[in-house]
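S.K.: please find the sequence and the predicted model below.
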Amino acid sequence: MRSTPMMPLKQFLRRKKRDFARRVASLTDEGKRVTSKPTNQAVEKNTENIQLIKSIPTRANTDMKLLTHNMLACHIKGVTNNYPLLIEATKIETRDADFNPDFLRHIFPRIQWPAFLQGAETLGCRGTLPNDPVPESALEDEGFLKQFHHALLEVVLEEGFLICPETQRRFPVCKGIPNFLLEEECLLEGSFCWVWAPRWWPKMRLCVCT
């Protein structure tokens with residue numbers, strides 16, 4: 001009886017990588033939504049912002065900056081107070097990013113300002129950023145935009161934890177990458193989360209819980 005020859009390992013990995021990329025693209029293309037109905041307000045928030053996350057440069061996608069932090073919530077089943085995630089910083093780094101006033105004005109309405117200020121205070125980069133509400137004239141002030149840019153895009157949580165405000169569940173951040181991996185029974189149906197992936201896939205991958 002003849003046996004079927006095994007597929008070479010490199011070919012197998014390339015196929016898996018290609019299949020995964022197609023799956024992510026099908027879930028995040030504009031106008032498409034997960035068919036299961038979200039059961040939590042934070043799920044809807046992440047769904048609306050997934051296109052925005054994809055539009056950010058790759059380095060900003062993989063680093064735990066306050067821009068990313070502002071769009072994340074805890075998806076443990078049964079949790080109601082799941083936003084914003086608390087930050088426990090062990091190592092903080094500052095990395096230069098291109099200053100783009102138009103991008104900052106575009107992203108500003110999507111930022112939850114109280115949560116942003118809370119994160120900025122924890123990371124020590126609040127400076128003179130004003131309390132909520134921020135006057136509309138601030139978006140024309142170059143000094144404000146530069147402070148906003150620095151806190152939003154240049155300060156990175158390199159090592160530490162993101163903590164659920166209700167359950168105190170600690171999600172580790174290692175080398176700027178958050179790990180939100182949970183047991184299947186703990187996840188909300190239809191929720192998005194970022195998890196570890198094998199080294200031949202992107203550092204962060206989108207996981208949709210069904």
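M.R.: Thanks, I have the structure now.
S.K.: burial check on residue 107, number of neighbours?
M.R.: Look at residue 107: counted by other Cβ atoms under 10 Å, it has 18 neighbours. C-beta coordinates here come from the backbone N, C-alpha and C atoms, glycine included.
S.K.: now do it, the pLDDT please.
M.R.: For residue 107, the pLDDT comes out at 94.
S.K.: go ahead and confirm it touches residue 67.
M.R.: Yes: here residue 107 lies in contact with residue 67, judged by Cβ atoms under 8 Å, at a distance of 7.3 Å.
S.K.: what do those two both touch?
M.R.: Counting by Cβ atoms under 8 Å, 6 or more residues apart in numbering, the contacts common to residue 107 and residue 67 are residue 152.
S.K.: so how far is residue 70 from residue 177?
M.R.: Residue 177 sits 17 Å away from residue 70, taking Cβ to Cβ, to the nearest Å as the criterion.
S.K.: who's more crowded, those two?
M.R.: Using other Cβ under 10 Å as the criterion, residue 177 and residue 70 rank with residue 70 on top: 22 against 17.
S.K.: on the three-state scheme, residue 92 is what?
M.R.: strand (DSSP: H, G, I helix; E, B strand; the rest coil).
S.K.: and the pLDDT for it?
M.R.: Listed pLDDT for residue 92 reads 96.
S.K.: now do the helices in this protein.
M.R.: Per DSSP state H, the chain carries helices over the ranges 9-28, 41-55, 58-62, 66-69, 101-107, 113-123, 142-149.
S.K.: alright, that wraps it up for me.
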